[in-house]
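> Here's a sequence, model it:
(one chain, ligands or ions: 1)
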Amino acid sequence: MEKEPIRVAYLGPEASFTHLASDGLFHGEWLIPHTTIPEAIEAVSEGRADYAVVPIENALEGAVSLTVDYLYHEAELYIAAEILSPIEQNLMMHPAQAEKWEQVESIHSHPQALAQCHKYLHYRFRGVPLIEMTSTSGAARFVSENPDRRIGAIGNRFAAEKYGLTIVQDNIHDFHFNRTRFVVLTKTEGVLGASGGSEKPKTTLMINLPKDNRSGALHQVLSVFAWRRINLTKIESRPMKTGLGDYFFIVDVDETMAAPMMRGALEELAALGCVVKPLGTYHTYEKKPAPRVIS
Ligand SMILES: O=C(O)C(=O)Cc1ccccc1
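Alright, predicted model coming up:
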């Protein structure tokens, strides 16, 4: 009997950066575009997809707060893998408008893409309205559907190809080292065992400090890991949305959940009065977009 394809919900439409990342890890599986990050995440929560791939952090712009907050407040999902992809941004227009690109009337893209090109846009297109869209490929599709408007989109070269646009300025992101982390989310905890991942998996935890606001609480949490020589690769705070000054912490730990040291660390965190939500142990996959047109 033929194997059922894996259903992968991603932030679309086709040729988004998330699509390229998903195609890198799940090539040949059933990739299902969704209009927004919450819609892709909900597809997994509601059993319409096995995995969701969504951006979670960019090297220039930091956290994709919609993803982080949705994981904390709304969804009961786990991270099964992460994908790291290089990001190149280009300004693209309809071929009918491309010659007059310097007189572009508005520029459309995902807020993270606009932010990654902030300096370029400030110096080259000061005063030109920047319009936020749900994704870079959504912006490219919108430009292609409006050939009589002198508007531009910012996105990757596959989106230019897919939607028949002309790249009028390439590599416009402000810093050379532009990479995005995407997470692969699932309903049940478990490491995605695909080949080509990092040798050592890591673990993400969401941590609430004790409610009594005692001084040095964060220091105590960090020392739980420090004296066990457990390496933290990231720590970030996000508002709890219950009042100014209330935060939760997202911590990436260079260890697996099953490691004996981790078990001890989690017990000590509980004894300190912290509430910990483990988001899973997973491998990292470094995926460059394939040098072909995606269909
Ligand atoms: O809009 C897209 O194409 C996305 O997949 C989100 C995004 C935007 C900017 C950089 C990386 C991912």
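> Scan the chain for its longest helix.
Determined from DSSP state H, the single longest helix within the chain is helix 260-271.
> where does the chain have its least confident helix or strand?
Across the helices and strands of the chain, the lowest-confidence element by mean pLDDT, DSSP states H and E is strand 62-63, at a mean of 88.
> quick one: buried residues of the helix or strand just after that strand?
Next along the chain after strand 62-63, taking DSSP states H and E as the criterion, comes helix 65-69. Neighbour counts over helix 65-69 (16 or more other C-beta atoms under 10 Å) mark 66-69 as buried. Bear in mind the C-beta positions are built from the backbone N, C-alpha and C, glycine included.
> ok, back up a step: direction included, what does the least confident helix or strand of the chain pair against?
Partner strands for strand 62-63, per DSSP bridges, with pairing direction: strand 51-58 (antiparallel).
> how far does the strand it pairs with sit from the chain's center?
Using C-alpha atoms, centre = their mean, to the nearest Å, the mean C-alpha position of strand 51-58 is found 3 Å from that of the whole chain.
> For the most centrally placed residue in the chain, which residues count as its bridge partners?
In the chain, the centroid-proximal residue (C-alpha atoms, centre = their mean) is residue 55; its distance is 1.1 Å. Residue 55 has these beta-bridge partners by DSSP bridges: residue 182.
> can you tell me the residue of the stretch 151-295 of the chain closest to the ligand?
residue 180 (4.0 Å; C-beta to the nearest ligand atom).
> burial count for that residue?
Taking other C-beta atoms under 10 Å as the neighbour definition, residue 180 ends up with a count of 23.
> what do you get for the one 5 residues further on?
For residue 185, the count of nearby residues is 29 (other C-beta under 10 Å).
> i'd like the first residue to be 12 from this point on
With the count now opening at 12, the last piece we talked about shows up as residue 196.
> mind listing what's buried in stretch 270-281?
Residues of stretch 270-281 classed as buried: 273, 276-277, 279-280 (neighbour count, 16+ other C-beta under 10 Å).
> Stretch 246-254: end-to-end distance?
For stretch 246-254, the first-to-last residue distance is 21 Å (C-alpha to C-alpha, to the nearest Å).
> I'd guess residue 21 is in a strand, am I close?
Yes. The assignment for residue 21 (DSSP: H, G, I helix; E, B strand; the rest coil) places it in a strand.
> Confirm for me that it is in contact with residue 35.
No. Using C-beta atoms under 8 Å, residue 21 is not in contact with residue 35; the gap is 11.3 Å.
> In which helix or strand does residue 236 reside?
Using DSSP H and E, residue 236 sits in helix 228-237.
> Pull the distance from that helix to the chain's centre.
With C-alpha atoms, centre = their mean as the basis, helix 228-237 stands 27 Å off its chain's centre.
> Stretch 286-300 now?
In this view, stretch 286-300 has its centroid 11 Å away from the chain centroid, taken as C-alpha atoms, centre = their mean.
> what about residue 92, neighbour count?
A count of nearby residues for residue 92, using other C-beta under 10 Å, gives 25.
> Oh, that last question was meant for residue 157, not what I typed.
13.
> hang on, it in a helix?
No. Counting by three-state DSSP, one finds residue 157 to be coil, located in no helix.
> any idea how far the residue nearest to residue 127 when sequence neighbours are not counted is from residue 116?
Of all residues beyond its chain neighbours, the one nearest residue 127 is residue 184 (4.7 Å), with distances taken as C-beta to C-beta, 6 or more residues apart in numbering. Here residue 184 is placed at a distance of 22 Å from residue 116 (C-beta to C-beta, to the nearest Å).
> more neighbours, the two?
For residue 184 versus residue 116, neighbours defined as other C-beta under 10 Å are more numerous around residue 184 (20 against 12).
> I'd assumed that one was in a helix, is it?
No. Residue state for residue 184 (three-state DSSP) corresponds to coil; a helix is not indicated.
> backbone phi and psi for it, please?
In terms of degrees, to the nearest 10, the main-chain angles of residue 184 are phi -70, psi 150.
> Give the full set of residues in contact with it.
Listed by C-beta atoms under 8 Å, 6 or more residues apart in numbering, the contact partners of residue 184 are 71, 98-100, 127-128, 131.
> and the stretch 12-161 of the chain, which of its residues are near the ligand?
Taking C-beta under 6 Å from any ligand atom as the test, the list of the stretch 12-161 of the chain residues beside the ligand reads 22, 27-29, 66, 69, 98, 121, 123-124, 146-148.
> Now go through the residues you listed and say which are in helices.
Among these, the members falling in helices (DSSP H) are 28-29, 123-124, 147-148.
> could those residues be laid out in CSV, adding neighbour count and pLDDT?
Putting these into CSV (neighbours: other C-beta atoms under 10 Å; pLDDT from 0 to 100) gives the following:
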residue, neighbour count, pLDDT
28, 29, 97
29, 29, 97
123, 21, 94
124, 29, 96
147, 29, 98
148, 30, 98
